[in-house]
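Visitor: Could you work out the structure for the sequence below:
(one chain, ligands or ions: 1)
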Amino acid sequence: MSKITAAITGIQGYVPDDVMTNHDLEKIVDTNDEWIRSRTGIEERRILKGEPCSYIGVKAVEGLLAKTGTDPLDIDLVICGTVTPDYGFPSTANLICDKVGMKNAWGYDLIAACSGFIYGLTTAAAFIESGKHKKIIVIGIDKMSAILNYEDRTTCVIFGDGGGAALVEPNEEGLGVVDTIMRSDGAGVEYLYQPGGGSANPASHETVDQRMHFVHQEGKQVFKFAVTNMADVSAEIMERNNLTSDDIDWLVPHQANLRIIDATANRMGLPKEKVMINIQKYGNTTAGTLPLCLWDWEKQLKKGDNLILSAFGGGFTWGAIYLKWAYDSK
Ligand code: UT7
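Guide: Sure thing, here's the model as predicted:
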């Protein structure tokens, strides 16, 4: 019997309709379009109003099930990467299962910040390869606007809302996830985190007054770690699988900063044409960036294409996946 691998067999994204441009932000904080574009590559981002994060997941999953002709009752497991869950508990995955009618599925949330989707896909691959499950949905979604301080120009200009969902199924042609390298380093906590609201600093008047429920980021420090680690892990997965830049069809990088993406692509020896970049229109959607890239590029992907997915995020968390695309888009 041939080895079972875990393949993405469908991808669907969702972004809210409301657009917040750099010029809109100029009216809120002391910033300007030129600074944001040149330092990050972002031109606009989407903002979800009046709905919780699960709404993004429900929209993406409903679209995914419809386009792949999948019965919600056939889904075994839902893994949801997010740092902006609807509640402390229950999990957002639970809520999405209920709202979409995935009555036979179990599910859980995975807190890995910007690496949420690659951590989730790695986990799903293990369940598929072991034979335990046949249909898993991996979600990466965030409503970053819910935890941004719109008086802090160093963070509020970077992030946006959105995300997507992937259907993961067994494959016997050697397509899907070939290799994964996942890393983490909790010593990075102080550089990028949400200080308030957890058990370290439970919600109180004081934590609210001190704005501890918003994202805290020391951008310069995170930038240094992100550039080095995302490039290193991407080069490592190429080396480990004897891949040259010619063998790779697409780099699917986390969209945090165009300069980090460029550094990673350079290190891998890839030309711009092979790099998925949509940061200009969505900003950094945290766990949402990779599924949004795959969704935007789905029609250009061909069965057998070699993809490297790569991400770095708060925690710190980072990693890379070598994936063979499993289908031609209809
Ligand atoms: O996705 C998870 C991981 N996150 C990341 O990978 C983010 C990594 N970090 C970054 O992408 C960058 O560090 C930022 C985009 C966050 C910041 O860019 P930077 O080039 O590192 O800028 P900086 O923090 O060194 O700030 C440079 C200057 C400062 O002014 P002074 O001290 O030189 O006078 C800032 O106060 O830019 C100022 N500044 C701004 N100016 C206009 C900071 N934010 C803004 C702003 N508009 N929004």
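Visitor: Please enumerate the helices of the stretch 101-250 of the chain.
Guide: Counting by DSSP state H, counting those that start in this stretch, residue ranges of the helices within the stretch 101-250 of the chain are 116-129, 153-156, 205-209, 219-240.
Visitor: For the shortest one, buried residues please.
Guide: By neighbour count with 16 or more other CB atoms under 10 Å, helix 153-156 contains the buried residues 153, 155, 156. No exception for glycine: its C-beta is placed from N, CA and C like everyone else's.
Visitor: Tell me the confidence at residue 160?
Guide: For residue 160, the pLDDT comes out at 98.
Visitor: quick one: contacts for it?
Guide: Contacts for residue 160 (CB atoms under 8 Å, 6 or more residues apart in numbering) come out as 20, 45, 46, 47, 144, 145, 282, 283, 284, 285.
Visitor: Quickly run through the sheet partners of the helix or strand harbouring the second one, with directions.
Guide: What it means is residue 45. In the assignment (DSSP states H and E), residue 45 maps to strand 44-46. Partner strands and pairing direction for strand 44-46 (DSSP bridges) are strand 19-21 (antiparallel).
Visitor: Centre of the chain to whichever helix or strand comes after the partner strand, how far?
Guide: Per DSSP H and E, strand 19-21 leads on to helix 22-26 as the next helix or strand towards the C-terminus. On the basis of CA atoms, centre = their mean, to the nearest Å, helix 22-26 sits 25 Å off its chain's mean C-alpha point.
Visitor: Quick one: residues in contact with helix 22-26.
Guide: Residues outside helix 22-26 that contact it (CB under 8 Å, 6+ apart) are 31, 32, 33, 36, 37, 42, 43, 44, 153, 156, 157.
Visitor: please redo it, this time with the cut-off set to 10 Å
Guide: 31-37, 40, 42-45, 47, 150, 153, 156-157, 283 (CB atoms under 10 Å, 6 or more residues apart in numbering).
Visitor: what about the strands in the stretch 1-150 of the chain?
Guide: Taking DSSP state E, counting those that start in this stretch, the strands of the stretch 1-150 of the chain run over residues 5-14, 19-21, 44-46, 77-81, 106-110, 136-143.
Visitor: tell me which residues in the second one are buried?
Guide: The one in question is strand 19-21. By 16+ other CB under 10 Å, the buried positions in strand 19-21 come out as residue 20.
Visitor: then stretch 316-328 to PDB, C-alphas only?
Guide: Only the C-alpha atoms of stretch 316-328 are listed here, as PDB (Å, rounded to 0.1, in the frame of the first residue of the first chain):
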ATOM      1  CA  PHE A 316       7.800  33.400  19.200                       C
ATOM      2  CA  THR A 317       6.500  30.800  16.800                       C
ATOM      3  CA  TRP A 318       7.800  30.000  13.300                       C
ATOM      4  CA  GLY A 319       8.200  27.300  10.800                       C
ATOM      5  CA  ALA A 320       8.000  26.100   7.200                       C
ATOM      6  CA  ILE A 321       6.100  23.400   5.200                       C
ATOM      7  CA  TYR A 322       7.000  21.800   2.000                       C
ATOM      8  CA  LEU A 323       3.800  21.000   0.200                       C
ATOM      9  CA  LYS A 324       3.000  19.500  -3.200                       C
ATOM     10  CA  TRP A 325      -0.300  21.100  -4.500                       C
ATOM     11  CA  ALA A 326      -2.800  18.400  -5.100                       C
ATOM     12  CA  TYR A 327      -5.300  19.700  -7.800                       C
ATOM     13  CA  ASP A 328      -5.800  21.900 -10.800                       C
END
